[in-house]
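Enquirer: The following comprises the amino acid sequence and a computationally predicted model.
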Amino acid sequence: MGRETQRRLALLAVVGALAASWTIALHPPSVTGVALASSTRAAVPVNNVHVRACPFPSALHSAFEAAARDASLPPALLYAVAKVESNLHQDAESSAGARGLLQVMPATGDALELDIDEPSANVLAGARYLRLLFDRFKSSDVALAAYNAGPTAVERAGGAPSIGVQRYVSNVNLAWHSVAGCR
């Protein structure tokens, strides 16, 4: 290996380490000892690099991408939350009143001035709310617990307030990990 190639590899390693330290909370946690389903989506070229397409509903692919950009979150995370929250059903409604793909509460939609019954606005509202939780809790697991149980319940419990919330966080992390890096 030539000296210039070694220098470039060393520089890439430093940049990669810095980038990883800046965005550690936004990457799916490593999951060991668990067999993960591989995506059956075809890889698509992005800047001459093949990247798996996220398995978003086709009609909403651009809404998920735009929401991910708006909230500075990985598209794969939004996919994972939508998959676990609503199984990607636009008309889903919980017993607590959360609605849509990302199961946004009406009060959250009102506070964000977004119509949560419109699918692309629901995705945007969920992404913006999740971003607020990431910024507040500085941990993906705690932010996801707060997304599911509410920030007050998480603060009172000092983390996930129940086994059900722990299971929710685990399910989102598994779904996120299974499509990590998709676009």
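Expert: Structure received. Numbering: from 1, shown residues only.
Enquirer: in this structure, what spans have low per-residue confidence?
Expert: Scanning the chain for pLDDT under 70 picks out 1-51.
Enquirer: Report the central residue of it.
Expert: L77 (1.6 Å; Cα atoms, centre = their mean).
Enquirer: Could you find the closest non-adjacent residue to it?
Expert: Leaving aside its chain neighbours, L77 sits nearest to W176 (5.4 Å; criterion: Cβ to Cβ, 6 or more residues apart in numbering). In this view, the C-beta of every residue, glycine as well, is placed from N, C-alpha and C.
Enquirer: That neighbour: how many residues sit nearby?
Expert: Neighbour count for W176, taken as other Cβ atoms under 10 Å: 25.
Enquirer: Over to A59?
Expert: Quick note: A59 (other Cβ under 10 Å) scores 10 neighbours.
Enquirer: and it, how far is that from E113?
Expert: Taking Cβ to Cβ, to the nearest Å as the measure, A59 falls 24 Å from E113.
Enquirer: got it, and L132?
Expert: From L132 across to E113, the span is 14 Å (Cβ to Cβ).
Enquirer: Looking at those two, which one has more neighbours?
Expert: L132 (18 against 8).
Enquirer: what about the more buried one, which SS state?
Expert: Look at L132: counting by DSSP: H, G, I helix; E, B strand; the rest coil, its state is helix.
Enquirer: all strands of the chain, in order?
Expert: Applying DSSP state E to the chain gives strands spanning 43-46, 49-52.
Enquirer: neighbours of the nearest residue to D115 once chain neighbours are set aside, just the number please.
Expert: Distances taken as Cβ to Cβ, 6+ apart place A121 nearest to D115, at 4.9 Å, with adjacent residues excluded. Each residue near A121 was counted by other Cβ under 10 Å, and the total is 19.
Enquirer: Please verify my assumption that A121 contacts D110.
Expert: No - judged on Cβ atoms under 8 Å, A121 makes no contact with D110 at a distance of 11.8 Å.
Enquirer: quick one, what contacts the residue nearest to D115?
Expert: Applying Cβ atoms under 8 Å, 6 or more residues apart in numbering, we find A121 in contact with 109, 114-115.
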